[in-house]
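> Quick one, structure for this:
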Amino acid sequence: MIEVQWLVPLLPVLSAVLVHSLSAVLGKRVAQLSVTFGTLTVLVAAWGLLTHLGTADGPVWQGGFSSWGSLLHDPLSHIMSLVVAGISLIVHVYSIRYMTEEPGYARFFILLDLMTASILLMVSAGDLITLLVAWHLVGVFLYFLLGHATESKPAQRYAFWTLITYRIGDLPLVLAAVILYQAYGVIDFPTLFARIGENPDATTVLGMPVTTTAALLVAFSAFAKSAQFPLHTWLPYTMEGPTPVSALMHAGIVNAGGFIINRFAPVFVHADAVLHLLFVVGLITALIGSVLMLTQNDIKKSLGYSTMGQMGFMVMECGLGAFSLAIFHLIAHGLFKGTMFLSAGSVIGEARQSDGVPNNPLYTFLVERKPASARLPWLLIGLVTLVVPLAILVLAHWFVAADFFQKQGAIVLLFFGWITGVQVLFATHRLDANNPIRLMLMILLSFALIVIGYTVIGHAFENFLYPDDAFRNAIYHAAGIDAVTFDGLVLLLALIVLGGWLTSYLKSRQRSLWSPRFAGLQLALYSLISREFYVADIYDRLALNLVGLSKRLNVLLRWY
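So this is what the prediction gives:
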């Protein structure tokens, strides 16, 4: 079985070679050839996962060229390989018709196969060198895919922008690999992680701790790859590339940050300060991405900022110690966001055919902001929205794992789940309905089913990825902070949420008093958001200043 797993990254490479060799003979039928190899890749990846589930073996390292060119067979590599291969196959099938009128038809499928092979090699790499090579190739092939339309200047510009950002993300990972090798003398992951566990207090240059330094560098690399603020500007502008590429990006490209953090989990478990940094950066990115998504008038760009927000949540989950939850989030997001990108063209086509907006209760509520004709008492709704989601969340997690509440990261996740439930219930209770009680009960039932299903699947997934209970507890412990600071932060967040909730209610009841007072502030805030917080403008200004400085240096030093 172990030898067969080499086929997972090799089959797409073989497909690319055959497509290139037979394109003159087969013409556009090379797409079927590429899809066939994609199907075989999915079957082999699924076989590897099923075989791993059927055995009690731990991680298995398979050597290649000496100590590099190796694969690591563990739950993380198997599940990621299946997800990547599955989404890639869907993108291949979608591209058969989507790209049929585009120039470079065979070239596109060659690049698609090579990109798939690079991602599969990245998630299965068993040593530092193989991981670095695959990590670099992902950025290179993404550049060629985004710039596939060579006649499009915006596509070429933003493809190069992405390449530069990815190169910035490559350097920290290279430095982390060098530091780990100098400190422990090995590059294969099983031996490296074992030596880190035996000697986590090793130091490097200037007496800096190896684990903290390496974890910080890996985190910086993940920030660039997963579009964390302020290195996020490349993601929403890559929408100039082909739609299938945008969908494939969610199979393991933009999600690579969550994967790389999980791959180096034995390093992060000894770097609590870096985990706190992950939480802060992820939270800021999630908020900014979610806000920017609401102001976009381009459907693909809106989806891009939505991805930025979701990647922020993913990194924030890692910062809380919920590493397995980040992978679960990565997989779920890759599936549904890839589907949304592939459906974007159909949505645009339908909108062009019929520009009339259906006048239904949901549209009336969301757009025209007309309240429902019959509503439940406000105090009753307030109690229901505050108490019921919290009760459902607590009972569901207590039933699955009673010790769940002893972890600070778990409490924070419950807090965010509670906020989401409160927001949904408070917003939807104003929908127009003949029977508001029935509507509220259906909403509560749906929320309960989602929470229970997510809780059961989430905990089972955690046991699958990290079966060692002591290691899971160690990660949560590393992500913890002192009790006084933690209680203060939770109280502050609760007050902010309750303040916003009450403000929304008062504004809906006293629109004439609140709107004129804050009209100027709202306009200024919207202007700031519509300009995307001026981050891209700042980068453009810095680039112009850098070019001007280089010109003056050329003149001064006579390099021209």
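> tell me the contacts of Gly289?
Ala227, Phe229, His232, Tyr305, Ser306, Thr307, Met308, Gly309, Gln310, Met311, Gly312 (CB atoms under 8 Å, 6 or more residues apart in numbering). Quick note: C-beta positions are derived from backbone N, CA and C, even for glycine.
> mind listing what's buried in stretch 111-127?
By neighbour count on 16 or more other CB atoms under 10 Å, the buried set for stretch 111-127 is 111-127.
> circling back: closest one to Val35 out of the contacts of Gly289, please.
Thr307 (25.7 Å; CB to CB).
> The closest one: helix or strand, and which one exactly?
Here Thr307, judged by DSSP states H and E, is contained in helix 299-319.
> next structured bit after that helix?
With elements assigned by DSSP H and E, the helix or strand that comes after helix 299-319 is helix 323-353.
> list the helices and strands that next one packs on?
Counting contacts by 3 or more CB pairs under 8 Å, 6 or more residues apart in numbering; DSSP states H and E, helix 323-353 packs against helix 75-98, helix 243-248, helix 256-263, helix 299-319, helix 436-465.
> Same list (the ones you listed) but as JSON lines, adding mean pLDDT, distance to Ser152 and mean neighbour count.
Shown next, in JSON lines, are the helices and strands packed on helix 323-353 (pLDDT from 0 to 100; distance: least, CB to CB, whole Å; neighbours: other CB atoms under 10 Å):
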{"stretch": "helix 75-98", "mean pLDDT": "88", "distance to Ser152": "16", "mean neighbour count": "23"}
{"stretch": "helix 243-248", "mean pLDDT": "82", "distance to Ser152": "13", "mean neighbour count": "25"}
{"stretch": "helix 256-263", "mean pLDDT": "88", "distance to Ser152": "26", "mean neighbour count": "25"}
{"stretch": "helix 299-319", "mean pLDDT": "83", "distance to Ser152": "14", "mean neighbour count": "24"}
{"stretch": "helix 436-465", "mean pLDDT": "73", "distance to Ser152": "41", "mean neighbour count": "16"}
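> for those helices, which one sits closest to Gly334?
Closest to Gly334 of these, according to CB to CB: helix 75-98, at 6.0 Å.
> Could you tell me how many residues sit around the residue nearest to Pro242 when sequence neighbours are not counted?
The shortest distance from Pro242 to any non-neighbouring residue, by CB to CB, 6 or more residues apart in numbering, is to His148 (5.8 Å). Look at His148: counted by other CB atoms under 10 Å, it has 22 neighbours.
> so His148 makes contact with Thr238?
No. With contacts counted by CB atoms under 8 Å, His148 stays clear of Thr238, the gap being 11.8 Å.
> how close does Thr212 sit to Ala265?
For Thr212, the distance to Ala265 equals 15 Å [CB to CB, to the nearest Å].
> Low-confidence regions, the stretch 401-550 of the chain specifically.
Applying pLDDT under 70 to the stretch 401-550 of the chain picks out residues 401-437, 439-440, 446-447, 453, 482-483, 486-487, 490, 493-494, 496-519.
> thinking again about what came up before, common neighbours of His148 and Thr238, please.
Taking CB under 8 Å, 6+ apart as the contact rule, His148 and Thr238 both touch Val245.
> by how many degrees do the helix holding Thr307 and helix 323-353 diverge?
170 degrees (axes from the mean of the first three to the mean of the last three CA atoms, to 10 degrees).
> Check the offset of helix 299-319 from the chain's centre.
6 Å (CA atoms, centre = their mean, to the nearest Å).
> could you give the angle of that helix to helix 256-263?
If you take the same axes, to 10 degrees, helix 299-319 sits at 20 degrees to helix 256-263.
> by contact count, what packs against helix 299-319?
On a contact count with 3+ CB pairs under 8 Å, 6+ apart, helix 299-319 meets helix 234-237, helix 243-248, helix 256-263, helix 272-293, helix 323-353.
> now for the first one, which elements pack on it?
In terms of contacts (3+ CB pairs under 8 Å, 6+ apart), helix 234-237 is packed against helix 153-184, helix 299-319.
> Show me how the record splits the chain into domains.
Split into domains by automatic domain parsing, the chain comes to 3-344, 372-509.
> Most tightly packed of those?
domain 3-344 (a mean of 20; mean count of other CB atoms under 10 Å).
> how far out from the middle of the chain is that one?
10 Å.
> among the domains of the chain, which is nearest Leu544?
domain 3-344 (14.8 Å).
> Mind checking what secondary structure Leu43 has?
The three-state assignment at Leu43 reads helix, by DSSP: H, G, I helix; E, B strand; the rest coil.
> In terms of pLDDT, where does it sit?
Looking at Leu43, its pLDDT reads 92.
> ok, now Leu137?
For Leu137, pLDDT reads 91.
> so who does it touch?
Neighbours of Leu137 in contact, by CB under 8 Å, 6+ apart: Leu114, Ser118, Leu121.
> Show the contacting residues for Leu217.
So Leu217 contacts Pro172, Leu173, Leu175, Ala176, Ile179 (CB under 8 Å, 6+ apart).
> now the third one: how far from Leu137?
Distance check for Leu175 against Leu137: by CB to CB, it reads 19 Å.
> The first one too?
Using CB to CB, Pro172 is found at 17 Å from Leu137.
> Same check on the fourth one?
With the distance defined as CB to CB, Ala176 ends up 18 Å from Leu137.
> Which of the buried residues of stretch 111-127 fall in helices?
Applying DSSP state H to the buried residues of stretch 111-127, the entries found in helices are 111-124.
> Same list (those residues) but as JSON lines, adding pLDDT and distance to Val254.
Shown next, in JSON lines, are these (pLDDT from 0 to 100; distance: CB to CB, whole Å):
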{"residue": "Leu111", "pLDDT": "89", "distance to Val254": "17"}
{"residue": "Leu112", "pLDDT": "90", "distance to Val254": "16"}
{"residue": "Asp113", "pLDDT": "91", "distance to Val254": "20"}
{"residue": "Leu114", "pLDDT": "92", "distance to Val254": "18"}
{"residue": "Met115", "pLDDT": "91", "distance to Val254": "13"}
{"residue": "Thr116", "pLDDT": "91", "distance to Val254": "15"}
{"residue": "Ala117", "pLDDT": "92", "distance to Val254": "18"}
{"residue": "Ser118", "pLDDT": "91", "distance to Val254": "14"}
{"residue": "Ile119", "pLDDT": "91", "distance to Val254": "11"}
{"residue": "Leu120", "pLDDT": "92", "distance to Val254": "16"}
{"residue": "Leu121", "pLDDT": "91", "distance to Val254": "18"}
{"residue": "Met122", "pLDDT": "90", "distance to Val254": "13"}
{"residue": "Val123", "pLDDT": "89", "distance to Val254": "14"}
{"residue": "Ser124", "pLDDT": "89", "distance to Val254": "19"}
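> quick one: which of the residues you listed is nearest Met99?
Using CB to CB, those come closest to Met99 at Leu112, 9.4 Å.
> quick one, what contacts the nearest residue to that closest one once chain neighbours are set aside?
Distances taken as CB to CB, 6+ apart put His92 closest to Leu112, at 6.4 Å, once the chain neighbours are dropped. Going by CB under 8 Å, 6+ apart, His92 touches Ala31, Ser34, Val35, Gly38, Phe109, Leu112.
> wait, the last one sits on Val93?
No. Counting by CB under 8 Å, no contact exists between Leu112 and Val93, whose distance comes to 11.3 Å.
> about what we covered before: how about CSV for the ones in helices among the buried residues of stretch 111-127, with distance to Ile443 added?
Listed next are these as CSV, based on distance: CB to CB, whole Å:
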residue, distance to Ile443
Leu111, 45
Leu112, 42
Asp113, 45
Leu114, 47
Met115, 41
Thr116, 40
Ala117, 45
Ser118, 44
Ile119, 39
Leu120, 41
Leu121, 45
Met122, 41
Val123, 38
Ser124, 43
